[in-house]
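>>> sequence plus the predicted model coming up.
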Amino acid sequence: MAAGLGLASAIPFAGMLLSIAILPLAAPAFWHHHFGKIAAAWALAFLVPFTLNQGLGETTHVLAHTLLTEYVPFIVLLCALFTAAGGIYLRGNLHGSPGLNAGLMLIGALLASVMGTTGASMLLIRPLLRANDNRRHNAHVVVFFIFIVSNAGGSLTPLGDPPLFLGFLKGVSFFWTVGHLLPETAFLVAALLAVFWLIDRHLYRKEGITRQDPTPDSPRLGIEGAINFLPLAAVVGLVLMSGLWKPGVAIEVYGTPLELPSLLRDLGLLGVIAASLWLTPAAVRAKNEFSWAPMQEVAKLFIGIFLTMVPVLEMLKAGVNGPFAAVTHAVTGADGQPLPWAYFWLTGLLSSFLDNAPTYLVFFNLAGGDPQVLMTTLDHTLAAISGGAVFMGAMSYIGNAPNFMVKAIAEERGVKMPSFFGYLLWSGAVLLPLFALMTFLWFR
């Protein structure tokens, strides 16, 4: 397919990104009411010319592959984690001091590789917001939560982040990432917590006496809706099942094979959603101020992103024969060996704006695609690809799905979050120096 694509086919994707970046700031009311239509318009801007050029049959195949093997599993998994975690209410009148905020983020980072960055984010973002809702400065708390819990913490197991799960499906052993990314992850999380604590302590002292807590709660800590830990455990089990069980049975839909484990996983996740909704008392979700708006926003925007990025990924996959041949040359040294630092930065920077899971696969294949070689002889290269895909997902709101969900929940609670470009200023100022230091220490 890439042979029939040119750089012009990437225009809808660029338009989609610019719409997300500019319109919420330039025309907030218009964006709020019509962002789904805007996403659909950019998707059609890709699909209509593609159909005229490649034919209806190829377009149907691309749609089936993108929707059935990428978008639907992505949304169903997110929705299952969102629903189950949204039914767990952490009771207690928490106060957002620098120490408490950093402690909640550390707990989230530890949980992220066990229950996924989405699960950990959805579990802890609401109590964190409640703890800080009487502070004048709280947007930075959410920004660092995205850095630490929604991204960096998910780098140690295939359960943590989708790129690592794809590597697991390709043959990377389950504990390889914890064995090869633990020092990098520990450094990044510790450094981010330290930077956050310094910033938060300064702002906390500057604020002085804050206004009365708008959400007073029981002074005793406790958990309501704990039954939802069972659906969360079921999510983990279903994801592992789909990666470990290989019966070799599949059905084909418009040329796209759908394997039995994946189908059972997605059906099971739908069952998890239904079970969580049935088991959770309505009062618990009400206390959590649970709503479907963040999930709806992610679902509508990411279908536009998934479809418009199809030609960009295909051109990257074409390697030296495609429009992005320079990318292939950039990750290879004069001796023909891969350059870990280049893999780290290119995988990461593209993962900041493309979906990090297929981006991981592109560079995994560019590095040879043999898991046994990548886990041994080229372990530095695989670590660079894995770290770049997970860590740099924090660089933009769309780098990883939990980023957008956390942003949407925070804004729904009245937090004035940075704009798309404002967030890039935060991530550039905080993350890029740390990534540069990590490159020197581990990815040379």
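Perfect, thanks for sending it.

>>> for the closest residue to Pro311 other than its chain neighbours, list the residues it contacts.
Taking CB to CB, 6 or more residues apart in numbering as the measure, Pro311 lies nearest to Ser9, with 3.9 Å between them; neighbours along the chain are not counted. In short, each C-beta sits where N, CA and C put it, glycine included. By CB atoms under 8 Å, 6 or more residues apart in numbering, the residues touching Ser9 are 46, 49-50, 311, 315.

>>> please tell me how far Ser9 sits from Leu100.
In this structure, Ser9 and Leu100 are separated by 49 Å, where distance is defined by CB to CB, to the nearest Å.

>>> and Ala286, how many neighbours?
Ala286 is surrounded by 10 other residues when neighbours are defined as other CB atoms under 10 Å.

>>> roughly how far is stretch 166-185 from the heart of the chain?
Here stretch 166-185 is found 17 Å from its chain centre; the criterion is CA atoms, centre = their mean, to the nearest Å.

>>> what mean pLDDT does that stretch get?
Here the mean pLDDT over stretch 166-185 is 87, rounded to a whole number.

>>> equivalent analysis for stretch 347-362, please.
82.

>>> quick one: terminal-to-terminal distance for that stretch?
End-to-end distance for stretch 347-362: 9 Å, by CA to CA, to the nearest Å.

>>> contact partners for Val253?
64, 68.

>>> from Lys317, how far out is it?
From Val253 over to Lys317 the distance is 22 Å, taken as CB to CB.

>>> just Gly414 next, same as before
Gly414 is 43 Å from Lys317, where distance means CB to CB.

>>> who has more neighbours, those two?
Summary of the neighbour comparison: Gly414 and Lys317, criterion other CB under 10 Å, with Lys317 having more neighbours (17 against 10).

>>> list the contacts for the nearest residue to the more buried one once chain neighbours are set aside?
What sits nearest to Lys317 in space, not counting adjacent residues and going by CB to CB, 6+ apart, is Val362, at 5.8 Å. Neighbour list for Val362: 313, 316-317, 350 [criterion: CB under 8 Å, 6+ apart].

>>> how about these, which pair is most distant?
Across the contacts of Val362, the longest distance by CB to CB is 12.2 Å; it joins Lys317 and Leu350.

>>> go ahead and confirm Leu123 touches Met115.
Yes: under the contact definition of CB atoms under 8 Å, Leu123 touches Met115, with a separation of 7.4 Å.

>>> all strands of the stretch 101-250 of the chain, in order?
Counting by DSSP state E, counting those that start in this stretch, residue ranges of the strands within the stretch 101-250 of the chain are 222-224, 250-253.

>>> which of these sits most buried?
Burial among the strands of the stretch 101-250 of the chain, expressed as mean neighbours by mean count of other CB atoms under 10 Å, is greatest for strand 222-224, which shows a mean of 14.

>>> what's in contact with it?
The set of residues external to strand 222-224 that reach it, using CB under 8 Å, 6+ apart, is 88-92, 284, 287.

>>> go with 7 Å
Residues from elsewhere that reach strand 222-224 (CB atoms under 7 Å, 6 or more residues apart in numbering): 88-92, 284.

>>> now for those: which two are most distant?
Using CB to CB, the contacts of strand 222-224 reach their maximum pairwise distance at Gly92 and Val284, which is 14.4 Å.

>>> quick one: which of the two has more around it?
For Gly92 against Val284, the residue with the higher neighbour count under other CB under 10 Å is Val284, and the figures read 21 against 16.

>>> kindly provide the distance from the more buried one to Ser113.
When CB to CB is applied, the distance between Val284 and Ser113 equals 26 Å.

>>> okay, now Leu156: neighbour count?
Using other CB under 10 Å, the number of residues around Leu156 comes to 26.

>>> go on, Phe165?
22.

>>> for it, which non-adjacent residue is spatially closest?
Counting by CB to CB, 6+ apart, the nearest residue to Phe165 once its immediate chain neighbours are dropped is Pro158, at 4.4 Å.

>>> same deal with Thr59?
Nearest non-adjacent residue to Thr59 (CB to CB, 6+ apart): Thr51, at 4.4 Å.

>>> would you double-check that the one you found falls in a helix?
Yes: secondary structure of Thr51 (DSSP: H, G, I helix; E, B strand; the rest coil): part of a helix.

>>> would you confirm that it contacts Glu58?
No: counting by CB atoms under 7 Å, no contact exists between Thr51 and Glu58, whose distance comes to 8.1 Å.
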